[in-house]
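Enquirer: the sequence and its predicted three-dimensional model are supplied below.
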Amino acid sequence: MSNIDDKLNEVLNIAADVLPATTPEENTELVIPQDKDPDSDFETGRENLYKLLDKGNDAIDGILALAKEGEHPRAYEVAGQLIKTVADVSKDLLELQEKLKKIKDVPNKGPKSVTNALFVGSTTELQKLLKEKK
């Protein structure tokens, strides 16, 4: 509640109805798969970034409401930092897509077969081999 509500409750002798906040508990276990598939890693990272964006947006709504009620400069400063953090997460999401694109393009650019014929030996041995083949 805001300062104004507290003062009005005090003047009017009204008890503030405070309901306990209920937050659903999420049992999340972090399981790191051992596969080396960039697609599954991409999907996992993408899902995590989307969850961060959702929670960040909820937090922004809450901190802005708090800043409006309290009208304290620090609350607005925290809201600004939170907005910047959510924007950074959005950029990370785009960078993740670019990195996956680069990972998928790399195998196609390499040479398919390389043949190097090398002779290991001295020049006199090479001359002997050439004379024998004539």
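Expert: Everything's here; your move. Please read all numbers here as calculations on a predicted model, not as lab measurements.
Enquirer: so which bits of stretch 89-108 are buried?
Expert: Of all the residues in stretch 89-108, those buried under the rule 16 or more other C-beta atoms under 10 Å are V89, L93, L96, L100. C-beta: built from backbone N, CA, C; applies to glycine.
Enquirer: now do stretch 79-89: distance to the chain's middle.
Expert: 13 Å (C-alpha atoms, centre = their mean, to the nearest Å).
Enquirer: buried ones in that stretch?
Expert: For stretch 79-89, the neighbour count (16+ other C-beta under 10 Å) marks A79, L82, I83, V86, V89 as buried.
Enquirer: where exactly do the helices run in the chain?
Expert: 3-11, 38-70, 73-109, 123-133 (DSSP state H).
Enquirer: centre-most residue in this structure?
Expert: In the chain, the residue lying closest to the centroid (C-alpha atoms, centre = their mean) is L49, at 4.8 Å.
Enquirer: that one contacts V89, correct?
Expert: Yes. Here L49 reaches V89: they are 5.9 Å apart, a contact under C-beta atoms under 8 Å.
Enquirer: could you find the closest non-adjacent residue to I63?
Expert: Leaving out its chain neighbours, the residue that sits closest to I63 by C-beta to C-beta, 6 or more residues apart in numbering is A79, at 4.5 Å.
Enquirer: wait, isn't that neighbour in contact with L64?
Expert: Yes. Between A79 and L64 there is a contact at 5.4 Å, judged by C-beta under 8 Å.
Enquirer: mean confidence for stretch 70-90?
Expert: Mean per-residue pLDDT for stretch 70-90: 92.
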